[in-house]
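Peer 1: no sequence on this one, just coordinates:
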């Protein structure tokens with residue numbers, strides 16, 4: 001998350017984040033309430049303002065991508081790197097410097113930061129000069145999300161009290 005805060009994307013519609021759910025039912029509830037309903041609401045508002053609705057299509061693509069990686073993300077995998085370790089031991093010192101593939105030396109936070117920066121710059125084609133503006137927008141989305149969470153907590157609390165008390 002530190003890298004995403006350091007190199008935020010422009011014009012995000014929500015504060016970046018997320019979590020994995022072990023329950024398929026809870027996952028589906030979160031998809032509907034946190035993705036689909038807001039997308040339909042935003043597209044309805046866009047349509048009423050004479051703009052092209054796009055969020056439903058974006059959410060459908062996101063859900064399709066989630067479904068594609070679900071099997072790999074929800075199963076436990078065991079990998080063997082015996083051959084890599086054996087090869088590393090057989091390398092000469094010159095070869096070890098030339099073909100460095102020892103990931104124990106990799107600084108993962110720096111690697112992720114460069115990865116996020118590159119994604120922002122080369123995949124999304126966003127100029128680095130807009131970072132300050134993107135950070136301000138992301139901070140604003142953080143507070144919008146927190147305020148919405150408080151409002152929803154109050155609404156559901158009152159609904160719960162009305163139904164069960």
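Peer 2: On my side now, so go ahead. Just so you know, these numbers come straight off a predicted model, no measurement behind them.
Peer 1: in the helix ranked longest in the chain, what counts as buried?
Peer 2: Ranked by number of residues, the top helix in the chain under DSSP state H is helix 131-164. Buried residues in helix 131-164, counted by 16 or more other CB atoms under 10 Å: 131, 134, 137, 138, 141. All C-beta atoms are positioned from the backbone trio N, CA, C, and that covers glycine.
Peer 1: can you name the two of the residues you listed that sit furthest apart?
Peer 2: By the measure CB to CB, 131 and 141 form the most distant pair in those, at 15.3 Å.
Peer 1: neighbouring contacts of stretch 107-124?
Peer 2: Here stretch 107-124 makes contact (CB atoms under 8 Å, 6 or more residues apart in numbering) with 2, 3, 4, 6, 7, 8, 9, 10, 126, 127, 128.
Peer 1: my guess is residue 135 meets residue 10, correct?
Peer 2: No - the criterion here is CB atoms under 8 Å, and residue 135 misses it with residue 10 at 10.2 Å.
Peer 1: burial of residue 16, as a residue count?
Peer 2: Counted with other CB atoms under 10 Å, residues neighbouring residue 16 total 13.
Peer 1: what's the helix or strand for it?
Peer 2: Counting by DSSP states H and E, no helix or strand carries residue 16.
Peer 1: how about it: what's its closest non-neighbour residue?
Peer 2: residue 4 (4.9 Å; CB to CB, 6 or more residues apart in numbering).
Peer 1: and the one you found, what element?
Peer 2: Using DSSP H and E, residue 4 sits within helix 2-6.
Peer 1: name the helices or strands packed onto that helix?
Peer 2: Counting contacts by 3 or more CB pairs under 8 Å, 6 or more residues apart in numbering; DSSP states H and E, helix 2-6 is packed against helix 108-118.
Peer 1: since that was my last question, I'll sign off now.
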